[in-house]
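Novice: can't give you the sequence, but here's the structure:
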């Protein structure tokens, strides 16, 4: 799974990551969420829901472990 790290001077800190399993790419404010990572040198910007455009600092890969609770009701 591909993910990007973004930063902003006006970042509101929230240590939770809210993945969307239907998304192609994900954003995270925490580099520790990456299994592997590297610098991103392009000037690309991500436009947030409030219209603010922020730069991408790193790209990397990560894996989500999905836990399912199954119940057997005979």
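Specialist: Done, it's in. These numbers come from a predicted model, not from an experiment.

Novice: drop to CA atoms for contacts and neighbour counts, all remaining ones
Specialist: Fine.

Novice: for this protein, which strand is longest?
Specialist: Ranked by residue count and defined by DSSP state E, the top strand of the chain is strand 53-61.

Novice: give me the mean pLDDT for that strand.
Specialist: Regarding strand 53-61, the rounded mean pLDDT is 89.

Novice: list the buried ones in that strand?
Specialist: By neighbour count on 16 or more other CA atoms under 10 Å, the buried set for strand 53-61 is 54-60.

Novice: export the residues you listed to a markdown table and tack on distance to residue 35?
Specialist: Shown next, in a markdown table, are the buried residues of strand 53-61 (distance: CA to CA, whole Å):
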| residue | distance to residue 35 |
| --- | --- |
| 54 | 23 |
| 55 | 21 |
| 56 | 17 |
| 57 | 16 |
| 58 | 12 |
| 59 | 11 |
| 60 | 7 |
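
Novice: residues near residue 62, how many?
Specialist: Using other CA atoms under 10 Å, residue 62 is surrounded by 15 other residues.
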